[in-house]
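S.K.: Got a predicted structure plus its sequence, pasted below:
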Amino acid sequence: MYSCSKSEESLNSTQSQQLEEFLMNTERRAFRMAQLSTRNREDALDIVQDAMMQLASKYANKPAEQWAPLFYRILNNRIMDFHRKNTTQSRWRVWFSKNDDEDESYDPVQHAPSNDLSPGAVADLEDSVERVDHFVQQLSPRQRQAFLLRAWEGMDVAETAKIMKCSQGSVKTHYSRAVHFLREQLQESL
Amino acid sequence: MNTDDHNMNDEKLVSKVCDALDDSVNRIDAETSQKLIAARKSALERTPKRFSLPKLFAVAATALSIFIAVMIVKTQLNQPLLNDDTTMEMVASQDTFELYEELEFYTWLVEEDVTS
């Protein structure tokens, strides 16, 4: 009985070694995905840490080949939560500042933080990495998810649909719109 | 431009975008890399651990002790407080408890009467 327990422990250590390798290979790309979505390093780090913790605490015992789709699903859920939270917060902010100022001419669009660069500033971006970063950030959250999962992570349509919790048709639409947008913006500069 | 050219251009474009994204991963600064390593380590500490044999014994012993304690308490509670007819009679009677407290005296009194 004791030897049985021993073998279970060694299996467990193998699994945790595999999990460590998986996280090591994934964490930096996951961080970049989160950073492109949040445009903030600290928020991106929080999201990646949260996703890694959830995978390790709840799904470490699942077969290793299931880790990638599970991890990206958790990561994308966290990113969508971040967007939802931000939208709610900015609505409250607009509502309160309206009440405080009693200013009828308040325009939330003018007060919203913007990361858009002027055409001149985009042309000044040092290299292709910065330009790609800039335009990938301009995609809608769903288009960005579809593009990064399909093109960068090499996932098929079915896997991407599972991760994004939508139909395969929606994935194809989001992906094709993302490619169309990037083609229009980057074809000249890359 | 026909559809094939379009698709080929798209493939090239996607591949260039992916190359740029790969480059951006290599450019992650040292501080962020350290934070990612720390995050990974703290995530790995949360991996569910299997129960070792001594732990299993400890859990089983605790469960057994609790079970025995519950059974003892349950048995005690199930025992009737008044388990004989005399006690029942004492409680049900209208007489004061004084009579029963000095029962020996009254018994002696009765015996004395009989002998006299």
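M.R.: Thanks, I have it.

S.K.: ok, which residues in chain B are in contact with chain A?
M.R.: Contact residues of chain B with respect to chain A, defined by CB under 8 Å from any CB of the partner chain, are listed as B:9-10, B:13-14, B:16-18, B:20-21, B:23-25, B:27-28, B:32-33, B:35-36, B:39-40, B:42-50, B:52-53. The C-beta positions use only the backbone N, C-alpha and C, and glycine is treated the same way.

S.K.: List buried residues within these.
M.R.: By neighbour count, with 16 or more other CB atoms under 10 Å in any protein chain shown, the residues of chain B next to chain A hold B:10, B:13-14, B:16-18, B:20-21, B:24, B:28, B:32, B:35-36, B:39-40, B:43-44, B:47 as buried.

S.K.: Low-confidence stretches in chain A?
M.R.: A:1-12, A:96-126, A:188-190 (pLDDT under 70).

S.K.: now the helices for it?
M.R.: Assignment of helices within chain A using DSSP state H yields the ranges A:2-38, A:41-58, A:67-101, A:108-111, A:119-124, A:128-138, A:141-147, A:157-164, A:168-186.

S.K.: Looking at those helices, which is nearest to B:Leu109?
M.R.: Between B:Leu109 and the helices of chain A, the tightest spacing by CB to CB is seen for helix A:2-38, at 76.0 Å.

S.K.: May I see the domains of chain B written out as residue ranges?
M.R.: According to automatic domain parsing, chain B comprises the domains B:1-48, B:51-79, B:83-116.

S.K.: Turn those domains into a markdown table, columns for distance to A:Cys166.
M.R.: As requested, the domains of chain B are exported to a markdown table (distance: least, CB to CB, whole Å):
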| stretch | distance to A:Cys166 |
| --- | --- |
| domain B:1-48 | 21 |
| domain B:51-79 | 40 |
| domain B:83-116 | 72 |
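
S.K.: looking at the ones you listed, which is buried most?
M.R.: Per residue and on average, the most neighbours among the domains of chain B fall to domain B:1-48, with a mean of 14 (mean count of other CB atoms under 10 Å in any protein chain shown).

S.K.: For chain A, see how far away the residue nearest the centre of chain B is.
M.R.: To find the centre residue of chain B, average its C-alpha atoms and take the closest one (CA atoms, centre = their mean): that gives B:Ala63, at 10.1 Å. In this structure, B:Ala63 and chain A are separated by 19 Å, where distance is defined by CB to the nearest CB, to the nearest Å.

S.K.: can you check B:Ala69 too?
M.R.: The span separating B:Ala69 from chain A equals 28 Å under the rule CB to the nearest CB.

S.K.: three-state assignment of that residue?
M.R.: Using DSSP: H, G, I helix; E, B strand; the rest coil, the three-state assignment for B:Ala69 comes out as helix.

S.K.: Any idea which of the helices of chain A gets closest to B:Ile68?
M.R.: B:Ile68 lies closest to helix A:2-38 among these, at 26.5 Å (CB to CB).
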